[in-house]
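> structure of the sequence below:
(2 chains)
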2 protein chains.
Amino acid sequence: MTDSAPKDKAQKSLLMAFQLQGRRIFVFGGGQVALSRVNSVLNAGAAEILVRSLDVCDEIKELTKTHNEVRYIDNIDLKDAQFDVENEDRCDLMFACITDRAVSEKLAHTFRKICPINCADIPDLCDFYCGSIVKRGPLEVLVSTNGNAPRLARRIRQDIEGLIDGTNMQKAVEKVGILRAKLRQKHSGQDKESIKTRMKWLSDVCDSWSFNQLGSLDEADFDLLLSQYPNHVSHDQFLSIAKS
Amino acid sequence: MTDSAPKDKAQKSLLMAFQLQGRRIFVFGGGQVALSRVNSVLNAGAAEILVRSLDVCDEIKELTKTHNEVRYIDNIDLKDAQFDVENEDRCDLMFACITDRAVSEKLAHTFRKICPINCADIPDLCDFYCGSIVKRGPLEVLVSTNGNAPRLARRIRQDIEGLIDGTNMQKAVEKVGILRAKLRQKHSGQDKESIKTRMKWLSDVCDSWSFNQLGSLDEADFDLLLSQYPNHVSHDQFLSIAKS
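Got it, this is the predicted structure:
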């Protein structure tokens, strides 16, 4: 839980899924907060994660051995460092995970020019927060209390995890992802009418089949279902076609 | 639902809450997608939203009358326009909501230099996606299927809305936000020990009281609860103190 200065007016934010493929991330600091940021951006598919600190914890050292994406630059005294953000210090996202506020401010003002920044526990130096996140395969959920109750966000996240795990949502998302790719492969027209028909058909399936029904689709089912395209097929109709 | 090219490898992303206070946003295009982006960033607290298009829908025109933050620049032919992103065209977030792919590409390549970008329905030109969002006061939840099943994300969002509305989570978040601000006001020490004690006390309350118990706190309750600080008070203990 962060313990930050209360804002004068209610905090709001735009929730978004930021794409990290091909991106370079700087993580300043080498403690447990830095470690959690490294893990987050590593899981999110960042191409290059440079940990910049005079010292890092053992877990980060371990990550540099097991993941080529993670590198540790150990010769930087952040207090005196000068950065060339247009050239060798360019990056796409910056995390400061250090306790020295003056250094965080310096980093924030330098890097804000080129990328969104996050300074742990200093809300007024943050372009973005990471919130409390559920990951279930391709399905991800972010819970944000907009700074009001970060600790409670954890409990809400746990309740959402319970909902997801109890209803086969993850499998349903995975299977619809496959069905969608197969549909586009089989009926690949790029004119507006083709796109519209594909979207309508897939929407009908997504809206009318249950999570369990979607999650149970297998390879043979995909073929059978796609053979009915562009007709809408309810799950009952699908079962009777499968039996016949 | 977007209907985008399938990616070679599983899409991943970093979910985040992006702060828009004091920020300038460009929305290129003036149709229904542009309108939905304008509404999103307006609700998220953006300071300045410039809609740039040769034509906009009536709803956007209406927004420019009711919200000072929203302005409409109507003299831009995007095909030929030159942008000066370092000076008058600087912005903090850019949305392209137009159907012409070549123009989207031009905009993306120009603005990616200075800010994160989103080009509707063109995933390979997006730094971020907006996903399916639940808003309940200060509590916000983002559902992302990482491009696998956007339509299903809508249903998952609805189930999460049901969970939130059925369990008083919104009220609990609001009340903990107030309790947190009052706690910091009454016990304002900024040394490490004071911060740690505050965080521990608030965490204990958040972890051990139910959403309903937290959501039911009123002004007198806040005072009574804070009078017990730094001792941890269970809800049963609180009730018996309140009665005595």
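> ok, residue A:101 - contacts?
Applying C-beta atoms under 8 Å, 6 or more residues apart in numbering or on different chains to residue A:101 gives the contacts residue A:122. All C-beta atoms are positioned from the backbone trio N, CA, C, and that covers glycine.
> and with 6 Å instead?
Neighbouring residues of residue A:101 by C-beta atoms under 6 Å, 6 or more residues apart in numbering or on different chains: there are none.
> average pLDDT across the helix or strand hosting residue A:152?
Assigned by DSSP states H and E, residue A:152 belongs to helix A:150-166. Across helix A:150-166, the average pLDDT comes to 94.
> same question for stretch A:187-200.
88.
> ok, which stretches of chain A are helices?
A:32-43, A:58-66, A:101-111, A:150-166, A:169-186, A:192-208, A:211-215, A:219-227, A:235-243 (DSSP state H).
> so where's chain A uncertain?
A:1-11 (pLDDT under 70).
> where do the domain boundaries of chain A fall?
Domain ranges of chain A: A:24-130, A:169-243, per automatic domain parsing.
> which of the ones you listed sits most buried?
Mean neighbour counts were compared across the domains of chain A using mean count of other C-beta atoms under 10 Å in any protein chain shown; the top stretch is domain A:24-130, at a mean of 18.
> rewinding a little: from the chain's centroid, how far away is the helix holding residue A:152?
Centroid separation for helix A:150-166 versus its chain: 17 Å, with C-alpha atoms, centre = their mean, to the nearest Å.
> show me what it is packed against.
strand A:132-136, strand A:139-144, helix B:169-186, helix B:192-208 (3 or more C-beta pairs under 6 Å, 6 or more residues apart in numbering or on different chains; DSSP states H and E).
> which of the residues in the first one are buried?
Judged by neighbour count (16 or more other C-beta atoms under 10 Å in any protein chain shown), strand A:132-136 contains these buried residues: A:132-134, A:136.
> let me have the domains of chain A in CSV, extended by distance to residue B:205.
Shown next, in CSV, are those (distance: least, C-beta to C-beta, whole Å):
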stretch, distance to residue B:205
domain A:24-130, 20
domain A:169-243, 31
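> quick one: closest of those to residue B:50.
domain A:24-130 (19.3 Å; C-beta to C-beta).
> start to end distance for that closest one?
End-to-end span of domain A:24-130 (C-alpha to C-alpha, to the nearest Å): 17 Å.
> got it, and stretch A:78-86?
18 Å.
> hey, what's the closest residue to residue A:69 other than its chain neighbours bridged with?
Closest residue to residue A:69 apart from its sequence neighbours, by C-beta to C-beta, 6 or more residues apart in numbering or on different chains: residue A:49 at 5.4 Å. Counting by DSSP bridges, residue A:49 is bridged to residue A:25, residue A:70.
> can you pull the contacts of residue A:49?
Going by C-beta under 6 Å, 6+ apart, residue A:49 touches A:25, A:38, A:41, A:69-70.
> how far away is it from chain B?
For residue A:49, the distance to chain B equals 12 Å [C-beta to the nearest C-beta, to the nearest Å].
> over to residue A:141?
Distance of residue A:141 to chain B, given as C-beta to the nearest C-beta: 5 Å.
> same thing with residue A:108?
Counting by C-beta to the nearest C-beta, the gap from residue A:108 to chain B is 13 Å.
> ok so, going back, from the contacts of residue A:49, pick the one nearest chain B.
Distance to chain B across the contacts of residue A:49 (C-beta to the nearest C-beta) is lowest for residue A:41, with 6.2 Å.
> nearest residue to that closest one in space, please, no chain neighbours.
residue A:25 (4.9 Å).
> ok, that neighbour - contacts?
Contact analysis of residue A:25 by C-beta under 6 Å, 6+ apart lists A:41, A:46, A:49, A:93.
> farthest pair in these?
Greatest spatial distance among the contacts of residue A:25 (C-beta to C-beta): A:49 and A:93, at 9.7 Å.
> surely residue A:20 touches residue A:42?
No. Residue A:20 is not in contact with residue A:42 according to C-beta atoms under 6 Å; the separation is 9.2 Å.
> shared neighbours of the two, anything?
Joint contacts of residue A:20 and residue A:42 (C-beta under 6 Å, 6+ apart) do not exist.
> kindly provide the distance from residue A:121 to residue A:30.
As judged by C-beta to C-beta, to the nearest Å, residue A:121 and residue A:30 stand 16 Å apart.
> oh sorry, the question was meant for residue A:55
Taking C-beta to C-beta as the measure, residue A:55 falls 5 Å from residue A:30.
> same thing with residue A:218?
Counting by C-beta to C-beta, the gap from residue A:218 to residue A:30 is 47 Å.
> and residue A:201, by the same measure?
51 Å.
> now residue A:13
Distance from residue A:13 to residue A:30, by C-beta to C-beta: 28 Å.
> repeat that for residue A:104.
For residue A:104 relative to residue A:30 (C-beta to C-beta), the value is 15 Å.
> likewise for residue A:23?
21 Å.
> and residue A:98, by the same measure?
Relative to residue A:30, residue A:98 is positioned 9 Å away (criterion: C-beta to C-beta).
> ok, residue A:81 next?
Residue A:81 is 15 Å from residue A:30, by C-beta to C-beta.
> burial of residue A:137, as a residue count?
Residue neighbour count, defined by other C-beta atoms under 10 Å in any protein chain shown, stands at 15 for residue A:137.
> now do the same contact list for the closest residue to it other than its chain neighbours.
Spatial nearest neighbour of residue A:137, chain neighbours left out: residue A:170 (4.8 Å); criterion: C-beta to C-beta, 6+ apart. Contacts for residue A:170 (C-beta under 6 Å, 6+ apart) come out as A:136-137, A:139.
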